[in-house]
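Chemist: Generate a structure from the sequence data that follows.
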Amino acid sequence: MNALVSNVLTQVFITLIAVAGIYVLTGLTGMFSLGQAAFMAIGSYVSGLLVIRAHVPFALAALLAVAGATLIGYVIGYPVVRLRRDYISLVTLGFGEAIAALLNRMTTLTGGASGLTGIPRLVGLPLAFVSAVLAITLAAFFKTSKYGRQCIALKGDELAAKAMGINVTRVKMIAFLLSVALTSYSGVLYAFYMSYVDPTGFGWKKSADWVIMVFFGGVNSLTGSTLGAFILSALPQALRGLQNYRYVIYAVLVLLILNFKPSGLLGEWELTPRNLQQLFAKPGKKNTVKKEG
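Modeler: I've put the predicted structure just below:
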C-alpha cells in the first residue's frame, strides 16, 4: 500500500475511535464537551512517559493511561454531569485549556512547548484499524443496551426520564466515562504512531472538530457519525494539492450539509441487516419487509 494512503488511513482510524466516544456523549446523551481532546492528551502523555521514562511495556502503558484518564474523567465528571448542557460545554472547555497550559509549564516532564519526543513508533495501520472497529462495535452495543436506551430517553426529555425512574446522573456519568476511555485510547495510538506529541495538538478546536464530524454524518446515527468522521478526516489530506483552498472547501461542505440537511448525511439511519434488506429490496417487496417487521 502507498505510504501516503497508509498514513492517512491510520490517522483516520485513530480519529474514528475518538469520534465514537463523542457520539456516545453527544449523539446519545446530548452533552456537549469542548474538552475531550484533553483526555486524548492525557492518554498520549501518560503512555508515552511510562514507556520512555519507566520502560513499561506498551500494552500495560496503554492500559494504565486509559485507566488514569478515566479516573481523572470521574473527578471532572462528578460535578459536570449535574450541570445543564450549556454549562457542561463551558466547564469542559476550561478543563481542556487548563490541561494544555499545564503540559506547557511542566517542561522537565513533558517537554513543554517543544513537546514529548522519543516515543517509539509501535502503532501501524492494522492496530489502528482493529482498534477502530472494536471502538465502533463497543459504541453500537452501548447504544442498544439498557444504558444506551436510557441515554436516548434523557436526551429527549431529562425531566421525563427522571419521572420514569431513570438515575440521570448515573447514566450521564457512565456515558461520560466511556467517552473518556475511548478518547484517551485514541491518544495512546496517536502518540505511538506519530512518535511525538505537543500541547498545541490537543486544544478545544480538535474537540470542536469531532463534534462537527458527528453532526455532519448524523448526530442520531453511529453509522452516520462514523461516515462523517471518515470523510472530514480524509478530506484535508485528499485536498493537500489545493493547499490554499482546502480549508475553504472543507468549510463550505460542512455548511452545506448543516444548512440543507440538518439531520446530517444519514439522519437516524443505521447500518443493520434489517435496514440493508429494506434498502436493497425491490419496490414491491419493501412493504412486505416493513409489515413483517
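
Chemist: and stretch 54-74, how far from the chain's centre?
Modeler: Taking the mean of its C-alpha atoms, stretch 54-74 sits 18 Å from the chain's own mean (CA atoms, centre = their mean, to the nearest Å).

Chemist: What's the mean pLDDT across that stretch?
Modeler: Model confidence over stretch 54-74, given as mean pLDDT, is 94.

Chemist: Grab the CA positions of it and hand them over as CSV.
Modeler: C-alpha atoms of stretch 54-74 as CSV (Å, rounded to 0.1, in the frame of the first residue of the first chain):
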residue,chain,number,x,y,z
ALA,A,54,9.7,3.9,33.3
HIS,A,55,10.3,1.4,30.5
VAL,A,56,6.8,0.0,30.9
PRO,A,57,5.6,-2.4,28.1
PHE,A,58,3.4,-0.7,25.6
ALA,A,59,0.2,-2.8,26.3
LEU,A,60,0.5,-2.1,30.1
ALA,A,61,1.3,1.6,29.5
ALA,A,62,-1.8,1.9,27.3
LEU,A,63,-4.0,0.2,29.9
LEU,A,64,-2.6,2.5,32.7
ALA,A,65,-3.0,5.6,30.6
VAL,A,66,-6.7,4.8,29.8
ALA,A,67,-7.3,4.0,33.5
GLY,A,68,-5.7,7.2,34.6
ALA,A,69,-7.6,9.3,32.1
THR,A,70,-10.9,7.6,33.2
LEU,A,71,-10.1,8.3,36.9
ILE,A,72,-9.5,12.0,36.1
GLY,A,73,-12.7,11.9,34.0
TYR,A,74,-14.6,10.7,37.0
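
Chemist: What are the buried residues along it?
Modeler: Buried residues in stretch 54-74, defined by neighbour count with 16 or more other CB atoms under 10 Å: Val56, Ala61, Ala62, Leu63, Leu64, Ala65, Val66, Gly68, Ala69, Thr70, Ile72, Gly73. Just so you know, the C-beta spots here come from the backbone N, C-alpha and C atoms, and that holds for glycine as well.

Chemist: now stretch 159-178
Modeler: By 16+ other CB under 10 Å, the buried positions in stretch 159-178 come out as Ala161, Ile166, Val168, Val171, Lys172, Met173, Ile174, Ala175, Phe176, Leu177, Leu178.

Chemist: Please list the outside residues in contact with it.
Modeler: 21, 24-25, 28-29, 31, 70, 73-74, 77-78, 80-82, 138, 142, 147, 150-151, 153-154, 158 (CB atoms under 8 Å, 6 or more residues apart in numbering).

Chemist: got it, and stretch 6-21?
Modeler: If you take CB under 8 Å, 6+ apart as the criterion, stretch 6-21 is touched by 36, 40, 123-125, 128-129, 131-132, 135-136, 138-139, 178-183, 185-186, 189-190, 193, 210, 213-214, 222, 225-226, 228-230, 233-234, 237-238.

Chemist: Now, of the residues you listed, which are buried?
Modeler: When those are checked for burial by 16+ other CB under 10 Å, the buried set is 36, 40, 123, 125, 128-129, 131-132, 135-136, 138-139, 178-183, 185-186, 189-190, 193, 210, 213-214, 222, 225-226, 228-230, 233-234.

Chemist: Now the nearest residue to Arg121 once chain neighbours are set aside, what are its backbone angles?
Modeler: Nearest in space to Arg121, with sequence neighbours left out and distances taken as CB to CB, 6 or more residues apart in numbering, is Ser195 at 4.8 Å. Geometry field for Ser195 lists phi and psi as phi 70, psi 10, criterion degrees, to the nearest 10.
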